[in-house]
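Participant: what follows is a protein structure lacking sequence information:
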């Protein structure tokens with residue numbers, strides 16, 4: 001009986017997500033010169049780009065708006081359709097939030113990526129939002145947005161939001177949370 005309990009408890013621990021406090025960051029460039037165009041259409045294209053240790057990054061550009069998804073099934077994830085209404089483009093670096101998985105080794109659990117969003121009158125400087133994305137096969141989506149110019153420590157706020165939101169976030173039901181001071185409308 002005790003042996004069965006120990007085996008069951010061990011299996012539950014192996015299936016449980018890695019605790020957020022165990023996460024660490026790594027950085028990769030989002031360099032479109034290193035990406036492959038995988039499809040084109042009248043007003044855009046989809047790019048397959050290398051991420052941390054080759055982890056797939058899928059970028060969709062359509063009508064001067066970008067969406068970014070991750071993983072081998074990236075096109076089927078909710079993140080692939082998440083973007084901002086105004087014209088926008090991605091920043092040049094991805095911060096990968098990484099955890100150790102007992103069976104698969106180091107795995108990405110999330111990312112933080114800066115988006116530059118056109119101001120409404122197009123004369124003001126672009127606005128900047130840090131987008132926190134959860135990475136989990138079948139459950140990859142944006143979980144938080146941080147106004148990068150309105151918050152003094154926006155990068156740390158994005159990391160804190162990731163630690164708080166990613167572990168239990170349900171992409172089918174949840175909407176990205178606006179974190180901190182928000183000057184964008």
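Facilitator: Looks like it arrived, so ask away. Quick caveat: nothing in here was measured; it's all calculated off a predicted structure.

Participant: residues touching the residue sitting nearest the centre point of the chain, list them.
Facilitator: Closest to where the C-alpha atoms of the chain average out (Cα atoms, centre = their mean) is residue 133, at 2.4 Å. In this structure, residue 133 makes contact with 68, 69, 70, 79, 110, 111, 112, 113, 140, 141, 142, 143, judged by Cβ atoms under 8 Å, 6 or more residues apart in numbering. (Glycine included, C-beta is placed from N, CA and C.)

Participant: now the fifth one: closest residue in space, sequence neighbours ignored.
Facilitator: Of all residues beyond its chain neighbours, the one nearest residue 110 is residue 97 (4.0 Å), with distances taken as Cβ to Cβ, 6 or more residues apart in numbering.

Participant: confirm that the one you found sits in a strand.
Facilitator: Yes: using DSSP: H, G, I helix; E, B strand; the rest coil, the assignment for residue 97 is a strand.

Participant: residue 34 reaches residue 48, doesn't it?
Facilitator: No: at 10.1 Å, residue 34 does not count as touching residue 48 under the criterion of Cβ atoms under 8 Å.

Participant: just want to know which of those two has more residues nearby.
Facilitator: residue 48 (15 against 11; other Cβ atoms under 10 Å).

Participant: closest to residue 158 among the contacts of residue 133?
Facilitator: Residue 158 has its nearest neighbour among the contacts of residue 133 in residue 112, at 4.7 Å by Cβ to Cβ.

Participant: surely the closest one is within a strand?
Facilitator: Yes: Residue 112: assigned to a strand according to three-state DSSP.

Participant: coming back round to it: what pairs with the residue nearest to the centre of the chain across the strands?
Facilitator: Taking DSSP bridges as the rule, residue 133 bridges to residue 111, residue 142.

Participant: per-residue pLDDT, it?
Facilitator: As predicted, residue 133 sits at a pLDDT of 98.

Participant: pLDDT weak spots in this structure?
Facilitator: Residues of the chain meeting the criterion pLDDT under 70: 1-21, 185.

Participant: now the helices for it?
Facilitator: For the chain, the helices defined by DSSP state H cover 2-15, 154-165.

Participant: helices or strands up against the last one?
Facilitator: So the one you mean is helix 154-165. For helix 154-165, the packing partners by 3 or more Cβ pairs under 8 Å, 6 or more residues apart in numbering; DSSP states H and E come out as strand 88-101, strand 105-117, strand 127-134, strand 141-147, strand 177-179.
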